[in-house]
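**Q** curious how this folds, go ahead:
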Amino acid sequence: MTVSAIRQQFFDFFESKGHQIVPSAPMVVKNDPTLMFTNAGMNQFKDFFLGYQVPANRRVANSQKCLRVSGKHNDLEEVGVDTYHHTMFEMLGNWSFGDYFKEEAIGWAWELLTTVYKIPIDQLYVTVFEGDAKDGVPQDTESINIWKKHIAEERIILASKKDNFWEMGDTGPCGPCTEIHVDLRSPEERAQGDGRNWVNADHPQVIEIWNNVFMEFNRKADGSLEPLPSKHVDTGMGLERLAMALQGKQSNYDTDLFQTLIAHTVKVCGIPYKQAETTDIALRVIADHVRTIAFSIADGQLPANNGAGYVIRRILRRAVRYGYQTLGLKEPFLCDLAMVLTDLMGTPYTELINQKELIFKVIKEEELSFFRTLELGIKRIDDLIVSVKAQGAKQLDGKAVFELYDTYGFPLDLTSLIARENELEVDEVGFQQELQIQKDRSRAATSIETDDWQQVNPDVTTQFIGYDDKTASVKLIKYRKVSQKGKAFYQLVLDQTPFYAEGGGQIGDSGVLQYGSESIHIFDTKKENNLIVHLSTELPSQLDATFEARIDLAKQQQTAKNHSATHLLHHALRSILGTHVEQKGSLVSDKGLRFDFSHFSKVTDEQLLAIENMVNSAIQEAQALVENRALDIESAKQKGAMALFGEKYGDTVRVIEFGPSIELCGGIHVANTNQIGVFKLVAESAVAAGIRRIEAITGDTAMAYYKDKAAQLEQIEALLKKPADIVKAIEELQQKNTALGKEIEKFAKLQAQALKNELKNDVQAQDGLHFLFKEIQTDAASAKDILFQLRQEFAPFVGVLAHKDSDKCGLTVMIDEALAAQNNWNAAQWIREVSPLIQGGGGGQAAFATAGGKNPAGLTAALQALQNKLSGE
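**A** From the prediction side, this is the model:
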């Protein structure tokens, strides 16, 4: 049975039990500060467990794309080394939101595994929570009694809080769980020892296959537990492990999905799988990581230098490094493997098909970039080795080793290997110290301390009324204190609010809560798990008062202009560049707008002008806003509404129309496009492979831009004595400047020629060879030119110039090629060894090399050191 068939059978089974089969949420989490990535199937349902939202269907099932590489659930270093850990994995799950509980969950799990999938009962064991006195949670006797109906009592194992009390993080929904484990050892091994002895003992063939979590509690910041409003069921079964069991394999990587990916890489590198452990690990790492990378890009997360994007880039580079270091792959290979993955998994996950071209281009560009970085790293380590040997040392410094790791992607083992090849060691202790410093710094930068909620009034779901009202009478429901980066602020939850919470690319509103003479400033508004939170540095003195909530109207109005202009821009881009254009991200504020979109070449000046004109035409046409606040998602799609990249939408959506522009959007907009005033493009650039970015301004900001440009034009006219044709006057000025530049260049060449003639007198002849060692005043280009000319006049020739030009200095070495080969002289190596004397660095070839530095005082010593090299001292 293939992985695809196993997944579909799971869906069919739970659909027959009255469950709605729902799509997977994106792997990258939004509106939840406690999570960067979806690490469990329940993440997208967290609001239902906490009571913030009411589900449309109280029974659902799906296969959720999960990623565990950061935080509590961090499996990255184990991936590829063992047979069952992954970065990305599919979590099959069924949920009950206040509907059925333990009896049905346990019964259906058993029925599916033993009756439908036909796993032999004598290979299964179950674990049940033994209770925890500290938390005040008793033993789960209810689950024990239910299991006795299905399995022999000796196969029921009590387990501790560590293994059988599931928590998604330090805070949040949690509860006792019961796990089903399968013994995949051979019959001979099973005959030698009871599998229950290996349950929860990290045996690679006795593994957990399904976890049934009974969500009953919410873990508070102080560590205590409080009951959830309702009891829920949250189950999770790793598809990869299930496939291993059903396909009779000893490793997840031996299942059909991974074997197809591994087979492709084997074909590319020519190294068979299961030939050697080192290459097997590399093949498994690559097969695993390509899923994470491709799905992340498809879900809207591009590789980047910070946040979630940095994690994806790190995973991608880890895969490339294994290919480079272990499999000898020196050209991009992941991008092609991603296309194999798309064919394998594109049927259930259509986002892979829809984003296929983007996935390929982004991965290929990232690979090319990292290969260039690796080349620079090789050069850097060569320089370090030369420097260490020149000092007579035997060890690479820990800081330098960490630099290779952090800047060039060199893992410790690769640096150690290269060092050993050069008879050196590495300072592993120093490296680990630097690594820990970085981890501590990163942890401090992202650390958030959140106190427990303090209830003021009974909980209600906050009603957002900001589409119609900009002020409102509100009550404070609850608040809590948050500390981040050394600053403390409060999150306030209101019964209703006119404040728009950051989302869909639009910034959150700011404003005030007014009570009598007291004014509480709200500096931002955000959503956390669909809970609208208002951020303030202070609390009201009267918590139970009725406040007047007022948004910063001027700021919101300018933001609305930019948001509506973003919709017009999106339509213009698709009209002028083509319908391949898709939104890949946006930022809308009162200062301007930023729009990222898929397009595989630079947007030309002519196209930019046409786009700007089209948007301004739509503004001048005074297109009225057509808003539908509750349209079902399918009807919206039939209308042609464009969706925001990477967003997850509910069954009903809000649709915004301006003329032919139709988009799904929850943001604030102008009532008519003529309120935007004017639209001005200010920048177009590349964000990543296949992703372009346009930045623009509107309204008062655009008018201020034009006024500033007009003032600059007046200043230019004044400087040019108010010419009749300012463009022609500037062109003439440029022509004169070019002519003057040529005169200066000509004069510099004459100076260099004169200097060369002087230096001819300094060339010394000895034993048929010609030598020149001189410290001079000139630039690096002239020094190079002089030596090349002298080489034509004196043969064989060896020239060394130490040169200074203003605050710059350098060294240039030229050796007759035959002499270099005959005497085993290497100009590049000499340059690397002496360049520290001028606080610089350089390189080149055996016959010609240069170095630049910032310490002219060291030129004399460097020149002498090079002369000593030639004399053999």
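
**Q** what's around the closest residue to residue 422 other than its chain neighbours, how many residues?
**A** The shortest distance from residue 422 to any non-neighbouring residue, by Cβ to Cβ, 6 or more residues apart in numbering, is to residue 385 (5.0 Å). Every C-beta, even on glycine, is put in place using the N, C-alpha and C of the backbone. Residue 385 has 18 neighbours, counted by other Cβ atoms under 10 Å.

**Q** and for the one 3 residues further on?
**A** Here the number of neighbours of residue 388 (other Cβ under 10 Å) works out to 18.

**Q** contacting residues for it?
**A** 394-397, 424 (Cβ atoms under 8 Å, 6 or more residues apart in numbering).

**Q** apply 10 Å and report the result again.
**A** For residue 388, the contact set (Cβ atoms under 10 Å, 6 or more residues apart in numbering) comprises 394-397, 400, 419, 422, 424.

**Q** still on that earlier bit, quick check, pLDDT for the residue nearest to residue 422.
**A** With respect to pLDDT, residue 385 has a value of 88.

**Q** how about residue 34?
**A** pLDDT for residue 34: 58.

**Q** distance of the residue nearest to residue 422 from residue 208?
**A** According to Cβ to Cβ, to the nearest Å, residue 385 stands 47 Å off from residue 208.

**Q** swap in residue 56?
**A** The gap separating residue 56 from residue 208 is 31 Å, by Cβ to Cβ.

**Q** okay, these two: which has more neighbours?
**A** Applying other Cβ under 10 Å to residue 56 and residue 208 shows that residue 208 carries more neighbours, namely 19 against 12.

**Q** the helix or strand encompassing the more buried one pairs with which strands?
**A** Secondary structure from DSSP states H and E places residue 208 in strand 206-219. Partners of strand 206-219 in the sheet, by DSSP bridges, are strand 172-183 (antiparallel), strand 225-238 (antiparallel).

**Q** what residues of the last one count as buried?
**A** By neighbour count on 16 or more other Cβ atoms under 10 Å, the buried set for strand 225-238 is 225, 228, 230-238.

**Q** just put the residues you listed in TSV and tack on distance to residue 119 and pLDDT.
**A** As requested, the buried residues of strand 225-238 are exported to TSV (distance: Cβ to Cβ, whole Å; pLDDT from 0 to 100):
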residue	distance to residue 119	pLDDT
225	34	93
228	32	85
230	32	86
231	28	91
232	26	93
233	21	95
234	22	93
235	16	95
236	17	92
237	12	95
238	14	92
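
**Q** which one of those residues is nearest residue 789?
**A** residue 238 (71.1 Å; Cβ to Cβ).

**Q** the closest one pairs with what?
**A** For residue 238, the beta-bridge partners are residue 91 (DSSP bridges).

**Q** and of the strands paired with strand 206-219, who's closest to residue 721?
**A** That would be strand 172-183 among the strands paired with strand 206-219, by Cβ to Cβ, at 71.2 Å.

**Q** which parts of the helix or strand just after that closest one are buried?
**A** Scanning forward in sequence from strand 172-183 by DSSP H and E, the next helix or strand is helix 187-192. For helix 187-192, the neighbour count (16+ other Cβ under 10 Å) marks residue 190 as buried.

**Q** quick one: average pLDDT of helix 187-192?
**A** 91.

**Q** can you list the residues that contact that helix?
**A** By Cβ under 10 Å, 6+ apart, helix 187-192 touches 122-123, 183-186, 195, 198, 205-206.

**Q** out of the strands paired with strand 206-219, which is closest to residue 65?
**A** With Cβ to Cβ as the criterion, residue 65 lies closest to strand 225-238 of those, at 12.2 Å.

**Q** output the buried residues of strand 225-238 as a markdown table; include the columns distance to residue 432.
**A** A markdown table is the format used below for the buried residues of strand 225-238 (distance: Cβ to Cβ, whole Å):
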| residue | distance to residue 432 |
| --- | --- |
| 225 | 37 |
| 228 | 42 |
| 230 | 47 |
| 231 | 46 |
| 232 | 43 |
| 233 | 44 |
| 234 | 38 |
| 235 | 40 |
| 236 | 35 |
| 237 | 38 |
| 238 | 32 |
